[in-house]
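Chemist: Please find the sequence and the predicted model below.
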Amino acid sequence: MQISHVFGPPQGEFVLPASIPLSPGDRVLISVPDGAPLNAALVSYGLGTLLLLVGAAAGSLIAPEGGGDLHAVAGGAAGLALAWTLNRVLTRSRNWRSHLRLELAPDASCMQSPQASR
């Protein structure tokens, strides 16, 4: 079992909006906007890491003398819970998803020479 299969196996098929007429068996080129994978990774992993550290630091700061570890763990858990909630909200946001869209193009369009496209 892979770590990526924790919430279920990946689906072999997925739906993409098509602005061109396609039929089953057509070859297509799927394009991803520049920076979209990096932005998605930074928000997914970076937000969780940042809020974990901030929560743990805040928890240890408000702890009374000698009881900092338990408060740091509770603060870190609260930070992770907040990061999980924010990631769930972002993935449902229409504005956020518009930056991560995939686009389809006929496969023949990527076979043109650079001079032909000028």
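Modeler: Arrived safely.
Chemist: can you pull out the strands in the protein?
Modeler: 28-31, 103-106 (DSSP state E).
Chemist: ranking these by mean pLDDT, which is last?
Modeler: With a mean of 66, strand 103-106 has the lowest mean pLDDT of the strands of the chain.
Chemist: which outside residues touch the longest helix seen in the chain?
Modeler: Counting by DSSP state H, the longest helix found in the chain is helix 68-92. Contact with helix 68-92 is made by 43-44, 47-48, 50-60, 62-63, 96-97, as judged by C-beta atoms under 8 Å, 6 or more residues apart in numbering. Backbone N, C-alpha and C define where each C-beta goes, glycine included.
Chemist: now those residues: which count as buried?
Modeler: Buried members of those, counted by 16 or more other C-beta atoms under 10 Å: V43, L47, G48, L51, L52, V54, G55, A56, A58, G59, S60, A63.
Chemist: tell me the contacts of the fifth one?
Modeler: Contact criterion C-beta under 8 Å, 6+ apart gives G76, G79, L80, A83 as the residues in contact with L52.
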